[in-house]
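Asker: Generate a structure from the sequence data that follows.
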Amino acid sequence: MCRWAAYLGAPIFIEDLVTKPGHSLIVQSRAAEECKTSINADGFGIAWYHARPEPGLYRDVFPAWSDPNLKALCAQVKSHAFIAHVRASTGTAISRNNCHPFTYGRYSFVHNGQVGGYDGFRKTADMMIEESYYPHRKGATDSEALFLIALGEGLEADPVGAMAR
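Answerer: Below is the predicted model:
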């Protein structure tokens, strides 16, 4: 399964959580101790917030531990809120568009796990995405579909209810 880390609080350098600690997200992506799969090498991403309401976003398809740009970005960017994700694909292609986080406006979203039987209702899920959000569908994952469906279900006004619906 995928792994993720999120932070909300006083501004810190992203490296303080994502790359530096002994049990950082990057360390876990290469050698997770408690997981069905110990390797998360199918891409990664970070969404962070600073001076603008919309998040900055960096994603790529390589294993997180092998990207020198990720290490440099984490060492330089200080943020009061960020979410980082390392991916273990559950069947969809390894592509940048399938790497989390997914963003829309001021929102960023990650998902750990998979929606069971997704291949059997993938078209139905896509049809559940409100027309105004569908142009933002860039990848093919269940996670991105879930995010866009939740936006159409009122994520901004009622996040818990939108996710439940």
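Asker: Show me what the lowest-mean-pLDDT helix or strand in the chain packs onto, helices and strands only.
Answerer: Least confident helix or strand of the chain, by mean pLDDT, DSSP states H and E, is helix 25-31 with a mean of 82. Applying 3 or more C-beta pairs under 8 Å, 6 or more residues apart in numbering; DSSP states H and E, one finds that helix 25-31 contacts strand 3-13, helix 15-18, strand 78-86. For glycine as for every other residue, the C-beta is placed from the backbone atoms N, C-alpha and C.
Asker: can you list contacts of that helix?
Answerer: Helix 25-31 is contacted from outside by 3-5, 17-19, 21, 38-41, 44, 63-65, 70, 84, 86, using C-beta atoms under 8 Å, 6 or more residues apart in numbering.
Asker: and the helices and strands packed on helix 25-31, which is most packed in?
Answerer: For the helices and strands packed on helix 25-31, the largest average neighbour count (mean count of other C-beta atoms under 10 Å) is found in strand 78-86, namely a mean of 22.
Asker: Paired strands for that strand, with orientation please.
Answerer: strand 3-13 (antiparallel), strand 44-49 (antiparallel) (DSSP bridges).
Asker: Out of those, flag the one nearest Lys123.
Answerer: Distance to Lys123, taken as C-beta to C-beta, is lowest for strand 44-49 among the strands paired with strand 78-86, at 25.9 Å.
Asker: what's the spacing between the closest one and its chain's center?
Answerer: When distances are taken as C-alpha atoms, centre = their mean, to the nearest Å, strand 44-49 is centred 7 Å away from the chain's centroid.
Asker: Point out the other helices and strands that the helix or strand just after it packs with.
Answerer: For strand 44-49, the succeeding helix or strand toward the C-terminus, using DSSP states H and E, is strand 56-60. If you count contacts as 3+ C-beta pairs under 8 Å, 6+ apart, strand 56-60 packs onto strand 44-49, helix 68-76.
Asker: List the strands paired with strand 56-60, with their directions.
Answerer: By DSSP bridges, strand 56-60 pairs with strand 44-49 (antiparallel).
Asker: Export the helices and strands packed on helix 25-31 as a markdown table, with columns for mean pLDDT.
Answerer: As requested, the helices and strands packed on helix 25-31 are exported to a markdown table (pLDDT from 0 to 100):
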| stretch | mean pLDDT |
| --- | --- |
| strand 3-13 | 96 |
| helix 15-18 | 96 |
| strand 78-86 | 97 |
